[in-house]
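Visitor: Predicted coordinates and the sequence they were generated for:
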Amino acid sequence: MLEAIAGRLLIAVPTVLLVSVIVFALQLLLPADPALALAGEERDPVAIAQIRALHHLDRPIPVRHLLRLAGLVRGDLGTSLETGLPVAELIASELPVTIELALLAMLVALAIGIPAGVAAAVRKGGTIDAAANPVALAGISIPNFWLGIVLIPLVSVRWNLLPASGYTSPFEAPVRILQTTIVPAFVLGTGIAAVMMRHTRNAMLTVLRQDYVRTARAMGPTERRVVGRHALRNALLPVVTLGTLELGTLLSGAVLTEQVFTIPGFGELVVDAVFTRDYPVVQGVVLCAGLGFVLMSLLADLLYVVLNPRLRT
Amino acid sequence: MASSAARLAPQLRENGGLHLLEVENLSVAFSGDGRLLPVLDGVSLELDAGRTLGLVGESGCGKSLTALAVIGLLPRPQARVTAGAVRLEGRDLLRLSDRALRTFRGSRMAMIFQESMNSLNPVLSIGARLVEVIRRHRRVGLKEARERALEILARVRASEPARRLSQHPHELSGGLRQRVMIAMALVNHPALLIADEPTTALDVTIQAQILELVRTLQVETGTAVLLITHDLGVVAETAQEVAVMYAGRIVERAPVDALFADPQHPYTIGLLGSIPRLDRRVGRLAVIPGAVPSPTARLGLPLRRPLPARDRPLPSQAADLAPARRRPPRRLPSGADRGAGGGMNPVLLEARGLRRHYPIGRGLWLGRRGRLLRAVDGLDLEVRLGETLAVVGESGCGKSTLARLLLRLERPDAGTLRLDGIDLASLPERRLRPLRRRLQIVFQDPYASLNPRLPVVAALLAEPLLVHDLGGATERRAGVAELMDLVGLRPALSGRFPHEFWGGQRQLVAIARALATGPELLVADEPVSALDVSVQAQVLNLLADLRARLGLALVLVTHDLAVVRYMADRVAVTYLGKIVERAPAEALFSAPRHPYTRALLAAVPRPDPARAGSRRILEGELPSPVDPPSGCRFRTRCPFALVDCSRLEPAVEEAAPRHDVACLRAAELPAPEPLPVAPLPAALARRLALLEAVRDNPPAECRSANVAREGPRMRKTRLGRTTALLLTASTLFAAGAGAAGIRIGIQEDPDKLDPKVARTFVGRIVFASLCDKLVDITPGLDYVPQLATSWSLADDGRTLTFELWPNVRFHDGTPMDAAAVVTSLERHRTMKGSNRASEIRPVRKVVATGPLGVRLELDRPFAPLLAQLSDRAGMILSPTALAKAEAEGEDFALQPVFAGPFRSEERVAEDRIVLERFAHYSDEERIALDRITFLPIPDQSVRLANLRSGDLDLVERLAPQDLDQVRSDPRLSLVTIGSLGYRGITSNLGNGPCARSPIGQKRWLREAFALVLDRRVSNDVAFRRAHLVGNQPVSPENPWYHVGLPIPVRDVERARALVRTAGFERVPVELVIPNNPETPRVGEIVQATTGEAGFDVELLAIEFAAALDRQTKSDFEAFPIGWSGRTDPEGNIHVFTESRGVLDDGEYSDPEVDRLLEEARIASDPAARKALYAEAFEIFVGRDRPRIYLYQQRWLWAHRQEVEGFVPHPDGLIRPQGVGKG
């Protein structure tokens, strides 16, 4: 087991490095000179030259990448062209926000998706099931950011329940943080909840048809127990894969939602960075997100083992 | 207790004539398509304690439904009991509530099912499951429940019961899983056990063990057993009474002996005749024509099997079959008929030392060596022309692997496989392909082995012909028809998809497909084990016929010895990947040599109640092929095993002519009892003959019903409720904004708050509260003192002196004095990386003339200098703080110290900048706020929403389309002022190849473009009239505007004329635009309006940075330009217009303009400057038009009503002076 985990982590290193090279290569395809984007509308040639020199933008591409890799090996992700802050610091400051939003969104998705999926499957063809599909379709189709734009005036302006946007660090105001992240988490979570609901429903329908559910019923347990103990745990297996994948996606930043709610997460960071051609930040975030994905798939595998005794031996 | 029930049963009967179980006239219907389809029709049964009733019939006859109805697990909501009663111990189960019924299930009655990988919950341990079942029905503690679980496991003869408790189903063998299921069913001592095909998926040896176990437990507990099975042998061995079901009805009921000896109903007769039997060899199996019809097909119709007989003689001209024509069947040597068993025929396929090992559990890492599953482990076999060779053995013996190896569907690890002398084992795939048509296979599962997306004719059957390039389209069609005919399928079915056939027909299709290429060898891997007995007979008959007609060699891989007996000429018995016995069929069945063969034969239940019972049951289960026992692999289960058997591996040796055995003791073992040959009961034989006669006229009572199962519907659960609780919980918290300060929504997060490098506009907004400058401007663009109290410019324009306010302090308490000004300005002027250097380039030197006096010395007169010093270039920072930051290697911008009204309190990237009031601000009485928080919110509408919700007090840069919202909201105020900037369209006049465009070359075209452009419309449509229409680099409201050049009136006619004058009819223009929300709209309006004069504007919308890239690389014909504007007109004009100006992307160059601009730069008298600019405007605005100016933006702010005293300035900054919150 430990060996397997170590193996997976080991394989993550080349994976992430490869991601880094690909990102570096891809960004070269982007037109525009970061120095130009950084110089501001005045585009003062002296300033541009200085920016180029400062960030080695005047060096040949392979040299730049080697410099970068050398930095990576030292654990140095470089500094932001835009703000001059170390990328690691930027990431460190945005990571908790991203993680928190991702976890909260996942919580929302789980809290809605799984019960709804179970209910729809248990009463297949019933009211919940009939309602669940269009609602899920809506949840999948409605763009998150649009839902956000709609919800902000509703929740914050009309009802005046929550602050419309902004973010507070969890360390300073725990209540406020819930207030500021609950709506974006809800917005993000609903889309995932919809997918999750459909997966749960399908998995539950499959599981409920399984022989062991029939076997269980023949021994006379209550329906609740049949659904909860016998069916759900088996049905959760595919949902776990989906959930961790979605979590991985969330961890790489919910770009539009973060923009709408002005949450300083990875999404906002990377979008700003792309538009200003702040490559070190782009690379840092992508690298971090890639690592996140690797960890998430590892987590998925571990959860699988926890949930599925067949994998333990 | 069940044992008491056994004693009680006779009493009950005496008391009221009651049976333990009474099913009376039970009818069940399925609802579908708005109709009720009867699936059970008046079923009546009785069963007494200690007795076993066998319920037999084919799939779809209703036997399982009957059982489910009894136990109350009919699939809901589809199935419904329409009539009848089910009484258990006198209580009508159908009238019980669900709740009451559930307490019955698992306690008074229990049910076990066919073993499958999934029959037990894979995620729960055996112990947990047993404990759950026990505690569901008994009030016992966990400990006691575990003891009982252990006890029952021992009782069902599970090996190592204690270990089993903690194991999960996947860790158990099939037999053990079935024992566990029986344990679960019996742990609460039910009076009734319903066993639905309990041994169907098990190997014969395990089946024998399980049946024996059920019998033993029944004797011990007195439980009544309702045994549902399709296997008449199982019934004969286990039941005392039999009920035969067909199409939802019980068609015959009799004591077991009577039923087998003298069946009455034609269906029973057919059933008995159709099963291949181990105890006698029949010439041909009886066939029940057609299939159990589906309920929808026969609703309300007289129920009979309407399909034509499929078991009809084959076409006599088999040799003319299209595929066969291409490869005529080999002429078999004379005498090579079935009776001779093909034994003398030449060898077609010969396997020697065949081996296939699968690596399992191999670690991907650290090079750990994996273990091997020895599926086939050194096996010799030959298949002769025209013979049927059966390969038998239990599951896990490697039979299916062998089947795949024989066809070279898998490459053997070792050994040879010769077809006509060619070794297939080592042949590359390319050379193998032409040989493949000679070898074909039929798989067990016709559902999985036919591609569901291909219709039978078009693809399934024609495909093999196509793959092997056999014949053209017409020939293929003919070939398909003949193939279908060959297997007895009506040609009309040829357009159907696999799912439109039923199981037996599908297998016929699979056989037809295999025959398509005219193979010489057909491998059939368990071809009938997924089929019902009557269908099985048809398929087996067909295979036998085909073999005879086409001269096929047939390898029949099966676990079913009765099938082997019916079909095979020779038999090879395999055990754990090796052959243990190889003999002609007759010899093998009459005198089996190997102990394993003997055990297999003994384990098969006989459909003959007279002979049931006494036989030896093979103990234990098949060892793992991963770790086969040493020596003789069978020794662990062999009743004759000696010590030597574990050391020596027996070779396959001839024990009798053509009879090979791999057993050390083969010679010395006592001759087995000859297998009893049971004559067909006379009555049955007679009736079978009769059956042929009645086939086309079945009795009317053969009612049928087929059941389509749907997922069971569940009872109410409480899971549906707990959804969006989080949201409601969070609404309890109300939002609160800081009362002492205001919150300002800005467009983006500013860059560094260090005036030396800062470049963003939002940064200037923050600086306005944070950092004072030497001078400031008024809304009317006059200069007013800020840190300087007064200033004067020398007559030659080369010296500017400032007098500073006394007693001004920086945020760190240090004094703001001349030295600080010198430090700051020198830093801006000279330091590397300064973005200010170019703004104050003419400054040669900054010197302190006293504690509060500063002199700036210039190389040349520079009129815009004061304007520059009213912005970032004139911002003064604390030298002490700067030195400290430098000493500590910190970035000054992280903790900037200035002399402004607010000091920096906190900055969180992408989140907020908090400024606190500076108590010692020099102009303190004008500051009413304690705190200002800047919040970057990129989306304009979201910014507004935050304002409306009260989370913000003031927002900058509203979207023009949101203006109506602001105006209609009484809580908000709109504040607006014309800006210093402008928007326009730059043409490429002289920069690179792109300048050679018509619009770059022809001044008249640019004039025409400017004339036809509809400035008003674009402002109305794109900006809701938020902006100001303009035509110069400064706005008409600006003091520097040249009134002599008014905004041209749109004149399409004149524009057209100009286009024609320039020699054009249509003028192509490519407009590169950044794809932000606004600009494309402007582009579209430009496109539409200029089209009228003959311009064909092509819009190329790309991302901002990429668009910028094209502009600077002069890779454009025209692009829309936006400029934020500067206080002094110089900033709006020079860099764009003078030759080689930094922002003159289109490379406009005119010496006269250069001269005028240079003079304007150094002129110190504003009136003179204005005249110079007016003259320059006449040339580049009125004549050359390198840039067509369209309009000047307005700044659009909105704030809450509570905010007072906000004064808009044309520079768009938010000055905190005078701002308060009511």
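Guide: Structure received.
Visitor: Just after the lowest-mean-pLDDT helix or strand in chain B, pick out the following helix or strand.
Guide: Taking mean pLDDT, DSSP states H and E as the measure, chain B has helix B:725-730 as its least confident helix or strand, at a mean of 28. Later in the chain than helix B:725-730, the nearest helix or strand by DSSP states H and E is strand B:741-746.
Visitor: For that following strand, C-alpha coordinates in CSV please.
Guide: What follows is strand B:741-746, C-alpha atoms only, in CSV (Å, rounded to 0.1, in the frame of the first residue of the first chain):
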residue,chain,number,x,y,z
GLY,B,741,-15.0,54.0,6.5
ILE,B,742,-16.0,53.5,3.0
ARG,B,743,-15.5,50.7,0.7
ILE,B,744,-14.6,51.5,-2.9
GLY,B,745,-15.0,49.0,-5.7
ILE,B,746,-12.2,49.3,-8.2
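Visitor: Give me the angle between the next helix or strand after that strand and strand B:741-746.
Guide: Per DSSP H and E, the first helix or strand lying C-terminal to strand B:741-746 is helix B:761-770. With axes from the mean of the first three to the mean of the last three Cα atoms, to 10 degrees defining the directions, helix B:761-770 sits at 160 degrees from strand B:741-746.
Visitor: If you count contacts, what does helix B:761-770 end up packed against?
Guide: For helix B:761-770, the packing partners by 3 or more Cβ pairs under 8 Å, 6 or more residues apart in numbering or on different chains; DSSP states H and E come out as strand B:741-746, strand B:902-908, strand B:912-917, strand B:931-936. Placement of C-beta: from N, CA and C, glycine included.
Visitor: so how many other residues sit close to B:Arg430?
Guide: By the criterion of other Cβ atoms under 10 Å in any protein chain shown, B:Arg430 has 7 neighbours.
Visitor: quick one: contacts for B:Thr200?
Guide: By Cβ atoms under 8 Å, 6 or more residues apart in numbering or on different chains, the contact set of B:Thr200 is B:Gln114, B:Glu115, B:Thr229, B:His230, B:Asp231.
Visitor: My error: substitute B:Lys578 in the last question.
Guide: Each residue near B:Lys578 by Cβ under 8 Å, 6+ apart is listed here: B:Asp377, B:Gly378, B:Leu379, B:Arg633, B:Ala662.
Visitor: In a strand, B:Pro38, correct?
Guide: Yes - assessed by DSSP: H, G, I helix; E, B strand; the rest coil, B:Pro38 belongs to a strand.
Visitor: Now the residue lying closest to it once chain neighbours are set aside: which helix or strand?
Guide: Of all residues not flanking B:Pro38 in the chain, B:Ala29 sits nearest, at 4.8 Å (Cβ to Cβ, 6 or more residues apart in numbering or on different chains). Using DSSP H and E, B:Ala29 maps to strand B:21-32.
Visitor: And for that strand, what's in contact with it?
Guide: For strand B:21-32, contacts defined as Cβ under 8 Å, 6+ apart pick out B:36-47, B:62, B:65-66, B:69-70, B:74, B:77-88, B:192, B:224, B:226, B:295-296, B:707-708.
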